[in-house]
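A.B. asks: model the structure of this input:
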Amino acid sequence: MHKVGIYISGLGQSFHNENVEKYAERFRNELHVNEKGTTYALKSEIITYTDKQSAKVVRLVKEGSTNTNQVAYTFYEFAYHELLTERFKKQNILVKNLILCGLVLKKSPQLIKRLFIPDHYNRPYLSFYAFFILIIISLAIIFLIPATLDMVSGFTGGKAILNGLHLDFLKKCTFLVSLYKLSVPLTTFILLLVPESKTIVTSIATEFACADRYLNDGIQSQVIMGNLDLLVDYITEHEPDSKIQYHCYSFGSLIAMDFLFPLGTIPSNNTQQHSEVLITIGNPYEFVNSYYSKYFLNRNLLMENKIQWLNVYSLSDALSSNFRKDATRGESEYGFKDSSIKPENINYEITADKSQHFYNFITMDGIRMHKLYWDFDTNGHSCIRLILFKLKTI
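C.D. replies: Numbering: from 1, shown residues only. As a prediction, this is how the structure comes out:
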């Protein structure tokens with residue numbers, strides 16, 4: 001039976017040019033080193049599955065001694081990023097920074113609550129610190145406003161402009177004067193520490209704002225789920241004997257879980273009949289469940305006995321979920337909320353267990369390790385070896 005995978009990436013992966021082709025190349029490399037005497041070629045194409053949406057398709061073609069090539073696996077990419085961010089990506093960087101600050105401040109009560117009541121999430125202090133850093137980074141540009149006003153007032157006619165705009169009072173504000181004195185060294189420090197801070201903040205502000213509205217208000221969820229439905233329909237029509245396996249990383253795991261266990265509706269007949277495996281890598285389930293506590297409630301569980309769930313996690317990764325009540329290796333102790341389905345845990349590490357000492361905390365090592373599941377170079381080791389080993393038994 002022909003195996004088909006839908007690759008659903010995480011937020012921000014486009015920043016490092018991560019895509020279905022690189023994922024398929026890693027998959028192919030693992031086949032090469034595990035199957036003696038067999039080679040596979042990658043063949044890519046673009047298909048259009050709606051009037052507005054297209055998808056990149058990568059096929060792993062087995063090359064044998066005969067003239068007939070055989071497709072061993074096909075990957076379809078579900079690119080949801082534009083769908084998620086289309087309402088906000090045109091905002092300027094100042095507005096994006098204000099949005100980022102506002103969202104972090106909005107989540108502050110929940111962040112403080114989790115410091116005292118972790119609720120199965122074992123990194124609340126690191127999350128609080130990470131959100132604090134987001135505020136500092138986003139404020140770096142906002143802090144430049146009083147400095148700019150002071151610079152304008154120093155030019156001929158600048159004071160008149162401020163008076164005309166009724167902004168001359170800002171110069172007399174003690175608080176703004178303090179910000180001005182702080183803004184230049186603070187901004188310089190952040191730019192030295194994070195040279196790509198403007199790009200990073202722009203990306204984070206847009207994606208975090210859109211992810212928050214997706215999780216909190218369901219904004220863009222209908223169009224994302226609808227397009228994924230249409231992609232599944234296209235696959236089942238053009239590859240009728242296929243079984244679909246969902247390969248999902250980070251936020252992509254949430255997209256797939258929303259699709260297979262929807263709120264207020266049921267999966268389509270094609271989804272029910274052709275979905276076989278859910279693979280989540282670095283799944284932020286516990287993080288989302290902790291800070292959006294009602295998000296996974298009241299889901300349709302029609303698929304709980306129809307799909308097998310593989311979950312790749314790392315103890316070093318503060319955002320991944322091991323579906324256990326402690327930060328240890330082992331079989332999952334629970335799964336999707338209110339459901340009997342539990343994932344088959346797959347532990348993947350690239351370092352020995354790290355103690356949570358001060359340096360690792362300050363450098364947000366647990367969050368940086370969210371990228372550890374594969375190297376940017378496709379020839380490196382990755383978690384795909386463990387996934388492929390499990391898939392061979394299905």
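
A.B. asks: rest of the way, CA atoms for contacts and neighbours
C.D. replies: Will do.

A.B. asks: okay, strands next: where are they in the stretch 151-300 of the chain?
C.D. replies: 243-249, 275-281 (DSSP state E, counting those that start in this stretch).

A.B. asks: just put those in TSV and tack on distance to F88, mean pLDDT and mean neighbour count.
C.D. replies: Compiled in TSV, these are given as follows (distance: least, Cα to Cα, whole Å; pLDDT from 0 to 100; neighbours: other Cα atoms under 10 Å):
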stretch	distance to F88	mean pLDDT	mean neighbour count
strand 243-249	23	96	24
strand 275-281	27	97	24
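
A.B. asks: dump those strands into CSV; add distance to P262 as well.
C.D. replies: Below are the strands of the stretch 151-300 of the chain laid out as CSV (distance: least, Cα to Cα, whole Å):
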stretch, distance to P262
strand 243-249, 15
strand 275-281, 14
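
A.B. asks: nearest to F261, of those?
C.D. replies: strand 275-281 (11.4 Å; Cα to Cα).

A.B. asks: packing partners of that closest one?
C.D. replies: strand 243-249, helix 251-260, strand 308-313 (3 or more Cα pairs under 8 Å, 6 or more residues apart in numbering; DSSP states H and E).

A.B. asks: check which residues of the longest one are buried.
C.D. replies: Counting neighbours by 16 or more other Cα atoms under 10 Å, one finds that the buried residues in helix 251-260 are 251-260.

A.B. asks: averaged pLDDT, that helix. What do you get?
C.D. replies: Across helix 251-260, pLDDT averages out at 96.

A.B. asks: neighbouring contacts of it?
C.D. replies: 8-11, 225, 228, 246, 248, 267, 271, 278-281, 283-285, 303 (Cα atoms under 8 Å, 6 or more residues apart in numbering).

A.B. asks: same question for stretch 45-53.
C.D. replies: Against stretch 45-53 from outside (Cα under 8 Å, 6+ apart): 54-58, 227, 230-231, 234.

A.B. asks: at 10 Å instead, please
C.D. replies: Here stretch 45-53 makes contact (Cα atoms under 10 Å, 6 or more residues apart in numbering) with 54-59, 76-80, 83, 227-228, 230-235.

A.B. asks: quick check on the residues you listed: which are buried?
C.D. replies: By neighbour count, with 16+ other Cα under 10 Å, the contacts of stretch 45-53 hold 54-59, 76-80, 227-228, 230-235 as buried.

A.B. asks: among those, which lie within helices?
C.D. replies: Counting by DSSP state H, the buried ones among the contacts of stretch 45-53 place 227-228, 230-235 in helices.

A.B. asks: would you list those residues in TSV and tack on pLDDT and distance to V104?
C.D. replies: Formatted as TSV, these follow (pLDDT from 0 to 100; distance: Cα to Cα, whole Å):
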residue	pLDDT	distance to V104
N227	97	30
L228	97	30
L230	97	35
L231	97	34
V232	97	36
D233	96	38
Y234	97	39
I235	96	39
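
A.B. asks: so which of those residues would you say is closest to Y348?
C.D. replies: Using Cα to Cα, these come closest to Y348 at L228, 28.5 Å.

A.B. asks: burial of L42, as a residue count?
C.D. replies: L42 has 17 neighbouring residues, counting by other Cα atoms under 10 Å.

A.B. asks: do I117 as well
C.D. replies: When neighbours are counted by other Cα under 10 Å, I117 comes out with 14.

A.B. asks: now S321
C.D. replies: Neighbour tally, S321, other Cα under 10 Å: 26.

A.B. asks: convert stretch 331-349 to PDB, retaining C-alpha atoms only.
C.D. replies: Provided in PDB are the C-alpha atoms of stretch 331-349 (Å, rounded to 0.1, in the frame of the first residue of the first chain):
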ATOM      1  CA  GLU A 331       6.000   5.600  28.400                       C
ATOM      2  CA  SER A 332       3.300   8.200  28.200                       C
ATOM      3  CA  GLU A 333       0.900   8.400  31.200                       C
ATOM      4  CA  TYR A 334      -1.800  10.400  29.500                       C
ATOM      5  CA  GLY A 335      -2.700  11.700  26.100                       C
ATOM      6  CA  PHE A 336      -5.200  13.900  24.400                       C
ATOM      7  CA  LYS A 337      -7.500  15.500  27.100                       C
ATOM      8  CA  ASP A 338     -10.700  13.400  27.800                       C
ATOM      9  CA  SER A 339      -9.500  10.700  25.300                       C
ATOM     10  CA  SER A 340      -8.200   7.200  25.700                       C
ATOM     11  CA  ILE A 341      -5.600   7.700  23.100                       C
ATOM     12  CA  LYS A 342      -2.000   8.000  24.300                       C
ATOM     13  CA  PRO A 343       1.100   8.500  22.200                       C
ATOM     14  CA  GLU A 344       3.900   6.000  21.800                       C
ATOM     15  CA  ASN A 345       6.800   8.100  23.200                       C
ATOM     16  CA  ILE A 346      10.100   8.300  21.400                       C
ATOM     17  CA  ASN A 347      12.900   9.900  23.300                       C
ATOM     18  CA  TYR A 348      15.600  11.700  21.200                       C
ATOM     19  CA  GLU A 349      18.500  13.500  22.700                       C
END
